[in-house]
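A.B. asks: Build me a structure from this.
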Amino acid sequence: MSAGRIGELLGLQHPIIQGPFGGGLSTVALAAAVSEAGGLGSYGAHIMAPDAITEVVGKLRAATARPFAVNLWVPQEGERFSFHASELAQNAERLRPYAAELALETSASAPEHPAFDDQVDALLAAAPPVISFVMGVPPVRVVEEARRRGIVLFGTATTVDEAVALEAAGVDVVVASGSDAGGHRGAFLRPVTESLVGTFSLVPQVADAVAVPVVAAGGIADARGVTAALALGADAVQVGTGFLATEESGAPAVHKRALHSAEARTTVLTRLYSGRPARGIPNRFVREMAAHEEAVAPYPLQSLLMQPVRAAAAAQNRPDLAALWAGQSAPLTRPALTAKAYLATLTGQSPTPGTS
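C.D. replies: Got it, this is the predicted structure:
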């Protein structure tokens, strides 16, 4: 299976990109394993402080000599990244029963999210081989500095119009992210509800609309999906949920088990865990809080409020409260495989004995 234009651009052996995970689900071990196996490993850094971003790029360089990507979220209009304690108290109240159930102490201080400008400056200075963006078009200064430093830029589109805007802004690769993808939806030109295009409808339209390489993302979890995406005009595929299930990922055991459960046949979009729509497996928390979908705090405040709940639920083996991000092809993922072995299955090979 040829890596095509993506292979020529980055020196990859396989047209396989590991989707970046935020919220502690990314690991250096996973990204490095995928890159060492001939794909492109990725690390999600959108909640990381600048110093931590510098450190993780150094660790990735030490772990692999091959290309890897680090991902950031572009802020959307109107988003704030610092909050008053009164906002914290008001929005934390509806979470109080769940916090009590998990024996969490209530914090009186307002959490803060790292500023995007500080994050991206640290990332540009660290100069990873690839920087990928979701949620918007990277600023002009970022594109110019990345080009000066020889950094390849990926931009993520959920519609054809977004893909065209990203190409016009100067990104080197467009990731066409279909609505079947797990995790957060990255729509930025229109509301998410008007940007829910399935992967295999989106990919050929984007391939026709832009000249840069196109990566298909969303609902691809086995070799059949890879073959179909390439046949529709994609130069490579990005796989998230499948790599989330591998041994090296940072997903807690309760999350990995859920990916292979009967419940994974159903996924929903919910704002409850972060303030932005994201696809995951519905559980007790999602169903009980459904009436509050539109009332919860916006991103990133809701995300900051939910981080202790998510961490405690994972640690306490509570699938009823944990954030169980998953794409619509979660039932096609392979349990208990290493990243290298799983990548082999995506290219139509059998896992090497001893790697499962």
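A.B. asks: Can you name every helix or strand that the helix or strand of the chain with the lowest mean pLDDT contacts?
C.D. replies: For the chain, counting by mean pLDDT, DSSP states H and E, helix 85-92 ranks last in confidence among helices and strands (a mean of 83). Packing contacts for helix 85-92, counted by 3 or more CB pairs under 8 Å, 6 or more residues apart in numbering; DSSP states H and E, involve helix 301-315. The way it works is simple: take the backbone N, C-alpha and C, and place the C-beta from them, glycine included.
A.B. asks: between the helix it packs on and helix 85-92, how many degrees?
C.D. replies: Interaxial angle, helix 301-315 versus helix 85-92 (axes from the mean of the first three to the mean of the last three CA atoms, to 10 degrees): 50 degrees.
A.B. asks: buried residues in helix 301-315?
C.D. replies: 301-314 (16 or more other CB atoms under 10 Å).
A.B. asks: so F68 sits right up against A45, yeah?
C.D. replies: No. Counting by CB atoms under 8 Å, F68 sits too far from A45 to count as a contact (11.8 Å).
A.B. asks: Make TSV out of the buried residues of helix 301-315 and add distance to V57.
C.D. replies: Below are the buried residues of helix 301-315 laid out as TSV (distance: CB to CB, whole Å):
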residue	distance to V57
L301	28
Q302	28
S303	23
L304	24
L305	29
M306	27
Q307	23
P308	27
V309	30
R310	25
A311	24
A312	30
A313	30
A314	26
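A.B. asks: Just give me the closest of these to E112.
C.D. replies: L304 (7.8 Å; CB to CB).
A.B. asks: ok, that closest one - contacts?
C.D. replies: Contacts here follow CB atoms under 8 Å, 6 or more residues apart in numbering; on that basis L304 touches 83, 111-113.
A.B. asks: Let me have those residues in a markdown table, extended by distance to T27.
C.D. replies: Listed next are those as a markdown table, based on distance: CB to CB, whole Å:
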| residue | distance to T27 |
| --- | --- |
| F83 | 29 |
| P111 | 23 |
| E112 | 24 |
| H113 | 21 |
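A.B. asks: Please spell out the PyMOL selection for the buried subset of the residues you listed.
C.D. replies: The following PyMOL line selects those of the contacts of L304 that are buried, judged by 16+ other CB under 10 Å:
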select buried, resi 83+113
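A.B. asks: So which of the contacts of L304 is the closest to A31?
C.D. replies: H113 (22.7 Å).
A.B. asks: how close does the closest one get to S274?
C.D. replies: Applying CB to CB, to the nearest Å, the value for H113 to S274 is 11 Å.
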